[in-house]
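Participant: Next one to model:
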Amino acid sequence: MKPSPAWKALKKYAAAKPGAWEDHPWGETVYKVAKKVFVFLGHPDYGYGMSCKLPDSGEAAVTMFSWAEPTGYGLGKAGWVSARFEPKQDVPVDLLKQWIDESYAAVAPKRAARKR
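Facilitator: Here you go, the predicted model:
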């Protein structure tokens, strides 16, 4: 399965954050800053999904969007939200970029977050 344009766009967006670097724990693509994950982008071969830390908008996101839910593995309790889309579903890239911004600001050291 070829990575979707949405997945590629969000990957590029996350990579452009100050101090961000790509890693592949558990075979997934994640972006980290200062050794902390700020976005899980999953694996492009398994449909499309992502998870971000959303301390400000997470509760609203889970309430408003049928495709959003608290992240598993206990991360939901810490403000992480996951979005999952079917291959033919329209992915709201601009909204997910805002999620990446919020997650980056929540996870990055203050000096890195100020550079954005």
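Participant: Below-threshold pLDDT in this protein: ranges please.
Facilitator: For the chain, the stretches flagged by pLDDT under 70 are 1-3, 44-47, 111-116.
Participant: Now with 50, please.
Facilitator: The chain contains residues with pLDDT under 50 at 116.
Participant: Give me the distance from the longest helix along it to the chain's centre.
Facilitator: Selection of the longest helix in the chain by residue count, based on DSSP state H, yields helix 93-107. Offset of helix 93-107 from its chain centre (CA atoms, centre = their mean, to the nearest Å): 7 Å.
Participant: Can you dump the C-alpha atoms of it in PDB for me?
Facilitator: The C-alpha coordinates for helix 93-107 follow below in PDB (Å, rounded to 0.1, in the frame of the first residue of the first chain):
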ATOM      1  CA  VAL A  93      -5.000  17.700   7.200                       C
ATOM      2  CA  ASP A  94      -5.200  21.300   8.300                       C
ATOM      3  CA  LEU A  95      -6.900  20.300  11.600                       C
ATOM      4  CA  LEU A  96      -4.400  17.500  12.200                       C
ATOM      5  CA  LYS A  97      -1.500  20.000  11.600                       C
ATOM      6  CA  GLN A  98      -3.100  22.100  14.500                       C
ATOM      7  CA  TRP A  99      -3.000  19.000  16.600                       C
ATOM      8  CA  ILE A 100       0.700  18.500  15.800                       C
ATOM      9  CA  ASP A 101       1.300  22.100  16.800                       C
ATOM     10  CA  GLU A 102      -0.500  21.700  20.100                       C
ATOM     11  CA  SER A 103       1.200  18.400  20.900                       C
ATOM     12  CA  TYR A 104       4.600  19.800  20.000                       C
ATOM     13  CA  ALA A 105       4.000  22.800  22.300                       C
ATOM     14  CA  ALA A 106       3.000  20.400  25.100                       C
ATOM     15  CA  VAL A 107       5.900  18.000  24.700                       C
END
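Participant: Okay then, goodbye and thanks.
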